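Q: Provided below are the primary sequence and the corresponding predicted coordinates.
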Amino acid sequence: MQTIPIRYQVSKPILAGKEREYVTDVLESGWISSSGIYINRFEQAVSSFLRLQEGIAVCNGTVALHLACLGMGVKPGMDVVVPSLTYVATANAVAYCGGRPVFADCDLLTWNVTRESIEAAWTQRTVGVLLVHLYGLASPALEIHALCAERGAWLIEDCAESFGAQIEGRAAGSFGDTSTFSFYGNKIVSTGEGGMVFVRDPVRRELVRQLKGQGMDLNRRYWHPMVGYNYRMSNLTAAIGLGQVEMAGYHLAERRRIASRYIKNLGVLEREGLVRLPVEPPGYLNVYWLFCLVLQSSEPRSRERIQEALLGSHGIETRPFFVPMHRLPMYDYGQHLSHSEFLGDRGLSLPTYSGLPDDAVDEISEIAVAVIRREVKR
Ligand SMILES: *Cc1c(COP(=O)(O)O)cnc(C)c1O
């Protein structure tokens with residue numbers, strides 16, 4: 001029960017760059033729909049920041065995933081390997097195309113899928129892998145890409161939570177055949193609602209562009225040779241996005257500052273065996289989209305009590321991990337994935353947003369240490 005106002009939200013967008021100036025420019029120009037110069041400027045700014053080719057701006061991260069699956073040709077009768085521990089949009093994109101998501105378990109330390117867990121989920125009908133870089137840490141995309149190449153399957157990367165994450169200096173999103181981003185209000189770069197798709201193959205890329213714009217032939221007005229969609233981003237949204245991506249370096253540095261302070265402050269809980277903190281394997285750059293910890297409790301109810309105490313007595317908002325997909329009614333085909341279930345029951349996100357001051361991180365940490373020591377008994 002909440003008795004005091006929220007003092008620290010889990011997340012909030014920080015519009016600290018030229019967002020206002022660009023939005024005003026759009027309003028004054030009258031180009032508020034999906035034509036206008038900011039779409040292209042935003043696409044180019046994101047593409048060049050990530051060193052990826054020809055991003056296609058769309059209206060949210062979910063439709064970006066839908067287009068990615070359509071672009072790779074997902075159809076009824078096909079299976080696609082998807083992590084169980086993810087946001088529901090990842091699995092739904094496969095289902096929108098009539099495909100069946102088959103779920104892979106995750107690693108207990110990275111919270112991401114592995115080559116081995118994907119192999120374990122492979123079926124006769126598997127045509128591709130849709131991997132997710134969860135909570136700011138890239139999945140082992142090099143190994144997974146190699147597995148897909150060996151088996152003649154394609155790879156899509158859902159980078160919604162990992163804008164700017166890297167493996168060996170390469171951006172998350174540069175490993176697969178297609179990759180997608182989300183710019184929802186709580187993402188590292190945010191436009192309120194928004195997304196982007198990157199498609200490596202030029203023919204598939206043109207198909208994705210066409211599907212985004214009502215299926216209209218890109219060279220012949222009102223000629224729609226296929227059923228397409230209106231998945232366009234507005235120029236207004238792109239103006240916010242340009243202001244955001246110009247500040248991406250700042251937002252990424254802020255995430256890392258906050259995370260390293262949490263890690264230092266909460267290390268004591270890890271040494272006592274009460275929690276596990278996020279990892280950053282050698283060669284990986286973790287961008288800590290949300291700073292999370294995993295309670296090492298045998299009693300799942302303890303998470304709820306911790307959340308209640310932090311919010312009710314201290315105004316600190318937290319968020320549980322996702323419910324694993326194989327536990328949702330439409331995706332429950334009797335799979336058992338013990339790591340995803342363990343993490344889904346025990347993971348917790350703490351306030352993480354640009355500008356959260358050091359002393360706030362210290363205060364949140366101090367309270368969290370006291371509450372977790374009280375509630376988690378091994
Ligand atoms: C946020 C998110 C998405 C897409 O979200 P939208 O709200 O549609 O932009 C997709 N996958 C993951 C893993 C996400 O976290």
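A: In hand now; what should we look at? Numbers count the residues shown, from 1 in each chain.
Q: low-confidence regions, this structure specifically.
A: Low-confidence segments of the chain, defined by pLDDT under 70, span residues 1-2, 378.
Q: can you show me the strands along it?
A: Per DSSP state E, the chain carries strands over the ranges 56-58, 79-83, 100-104, 126-132, 154-158, 166-167, 170-171, 178-182, 195-199, 275-276, 284-285, 291-295, 319-320, 347-350.
Q: spit out the contact partners of the residue in the chain that the ligand sits nearest to.
A: Residue nearest to the ligand within the chain: Gly61 (2.7 Å; C-beta to the nearest ligand atom). C-beta here means a position set from N, CA and C on the backbone, and glycine is covered the same way. Contact analysis of Gly61 by C-beta atoms under 8 Å, 6 or more residues apart in numbering lists 89, 158, 160, 180-184, 187, 194-195.
Q: just Leu134 next, same as before
A: 83, 85-86, 106, 111-112, 161-162 are the contacts of Leu134 under C-beta under 8 Å, 6+ apart.
Q: tell me who's in contact with the residue lying closest to Asp177 once chain neighbours are set aside.
A: With C-beta to C-beta, 6 or more residues apart in numbering as the criterion, Asp177 has its nearest non-adjacent residue at 4.6 Å, and that residue is Trp154. With contact taken as C-beta under 8 Å, 6+ apart, Trp154 is in contact with 72, 127-129, 148, 176-178.
Q: how about a cut-off of 7 Å?
A: Counting by C-beta atoms under 7 Å, 6 or more residues apart in numbering, Trp154 touches 72, 128, 148, 177.
Q: closest to Pro300 among the residues you listed?
A: Nearest to Pro300 among these, counting by C-beta to C-beta, is Gly128 at 33.5 Å.
Q: so what's the residue count around the closest one?
A: Other residues lying near Gly128 total 27 when counted by other C-beta atoms under 10 Å.
Q: just Pro324 next, same as before
A: 25.
Q: please apply the same query to Pro202.
A: 10.
Q: then Glu246?
A: Glu246: 16 neighbours (other C-beta under 10 Å).
Q: can you give me the helices for the stretch 1-150 of the chain?
A: All helices of the stretch 1-150 of the chain, identified by DSSP state H, counting those that start in this stretch, fall at 19-29, 37-50, 61-71, 88-96, 115-121, 141-151.
Q: deepest of these, which one?
A: Using mean count of other C-beta atoms under 10 Å, the stretch among the helices of the stretch 1-150 of the chain with the largest mean neighbour count is helix 61-71, at a mean of 26.
Q: residues touching Thr352, list them.
A: Neighbours of Thr352 in contact, by C-beta under 7 Å, 6+ apart: 11, 255, 258, 288, 290-291.
Q: try Trp111
A: So Trp111 contacts 85, 134-135, 343 (C-beta under 7 Å, 6+ apart).
Q: how close does it sit to Ser139?
A: From Trp111 across to Ser139, the span is 9 Å (C-beta to C-beta, to the nearest Å).
Q: one more: Ile316?
A: 30 Å.
Q: what do you get for Met226?
A: On the measure of C-beta to C-beta, Met226 and Ser139 end up 32 Å apart.
Q: Gly71 now?
A: Where Ser139 is concerned, Gly71 sits at a distance of 20 Å (C-beta to C-beta).
Q: between Met226 and Ser139, who's got more neighbours?
A: Ser139 (31 against 12).
Q: from memory the more buried one sits against Ile118, does it?
A: No - Ser139 lies out of contact with Ile118 (C-beta atoms under 7 Å); the separation is 9.3 Å.
Q: go back to the contacts of Gly61 and keep what's next to the ligand.
A: By C-beta under 6 Å from any ligand atom, the members of these lying near the ligand are 89, 158, 160, 182, 184, 195.
Q: any idea which of the contacts of Trp111 is closest to Pro300?
A: Closest to Pro300, out of all of the contacts of Trp111 and judged by C-beta to C-beta, is Leu343, at 11.3 Å.
Q: quick one: contacts for the closest one?
A: Contacts of Leu343 by C-beta under 7 Å, 6+ apart are 85, 106, 111, 294, 321.
Q: contacts only, for the second one.
A: With contacts defined as C-beta under 7 Å, 6+ apart, the neighbours of Cys106 are 83, 85, 112-113, 117, 339-340, 343.
Q: mind listing what's buried along the lengthiest helix in the chain?
A: If you go by DSSP state H, the chain has its longest helix at helix 248-271. In terms of neighbour count (16 or more other C-beta atoms under 10 Å), helix 248-271 has its buried residues at 248, 251-252, 254-256, 258-259, 261-263, 265-266, 269.
Q: for Leu50, state which of those is nearest.
A: The closest of those, once distances to Leu50 are taken by C-beta to C-beta, is Ala248, at 9.0 Å.
Q: no further queries at this time; thank you.
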